[in-house]
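3D, please:
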Amino acid sequence: MKEWRYKLDDLPEHVKKSAKGKHDATIYKQTKSYIKPLFKLLKKRQLADEIVQSLEPICSFMAEKEYVKANDVYMELAIGNQPWPIGVTMVGIHARTARERIGSDKIKHILNDEDQRRYVQSVKRLMTLAQQLYPSVPSKMVE
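Sure thing, here's the model as predicted:
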C-alpha cells in the first residue's frame, strides 16, 4: 500500500488532476479502507482458516514473481471449483450429471459476505499492482 501511495504521489500534478488520476486515487483509498478488516482479523488471529490457507501461497507466489500461480490460488479462493448452477439442471427427462453436488450448502460463500468480498477484491488489486511494480518474464504474468 505504501508503494502504491508513493507511485500516486510521484505523478505529475496535471495527471493527478485528470480523470484517470482522480480515479486511481479513489481506487487507492477504497482499497485501503477495504483491506483494513483483513489486517485487523490477521492481527487478532481470527481470520477463517480457509482464507489464511489461500493467502499464504498467494503471498509466497507474489514474492517469487509467480503471478500466474498466485492468480490461480486467488481464483480458487474467490470462486472455488464447485459446479455452478447456471440454470440448466434438467436436460430432457434425465437429471443433470452431478446435480446433487450443486446444492447451496456445497457452494463457497466467500464472496457472499460483504467484508470478505471487499478484502478479497483488495488482495486482487494489490496483486495487479505488484505485477506492474515488479514485472517478471511474460510467461509468469497475468494479462
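
Could you pull out the helices in the chain for me?
Taking DSSP state H to define them, one finds helices in the chain at 2-9, 13-16, 19-44, 49-63, 67-79, 114-133.

now those as a markdown table including mean pLDDT?
Converted to a markdown table, the helices of the chain look like this (pLDDT from 0 to 100):
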| stretch | mean pLDDT |
| --- | --- |
| helix 2-9 | 94 |
| helix 13-16 | 94 |
| helix 19-44 | 95 |
| helix 49-63 | 93 |
| helix 67-79 | 91 |
| helix 114-133 | 92 |
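
now these in CSV, with distance to V142?
For glycine as for every other residue, the C-beta is placed from the backbone atoms N, C-alpha and C. Converted to CSV, those look like this (distance: least, Cβ to Cβ, whole Å):
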stretch, distance to V142
helix 2-9, 18
helix 13-16, 25
helix 19-44, 18
helix 49-63, 11
helix 67-79, 5
helix 114-133, 7
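
out of those, which comes closest to S139?
Closest to S139 of those, according to Cβ to Cβ: helix 67-79, at 7.7 Å.

where's the most centrally placed residue in the chain relative to L42, distance?
Here the mean C-alpha position of the chain is nearest to the C-alpha of K124 (Cα atoms, centre = their mean), at a distance of 3.2 Å. According to Cβ to Cβ, to the nearest Å, K124 and L42 sit 17 Å apart.

what do you get for I58?
I58 is 13 Å from L42, where distance means Cβ to Cβ.

Neighbour count: the two, which is higher?
Between I58 and L42, I58 has the larger neighbour count (other Cβ atoms under 10 Å), namely 22 against 14.

Would you mind listing the residues in contact with that one?
Remark: with contacts taken as Cβ atoms under 8 Å, 6 or more residues apart in numbering, I58 is in contact with A70, V73, Y74, L77, V123, M127.

Cheers, nothing more for now.
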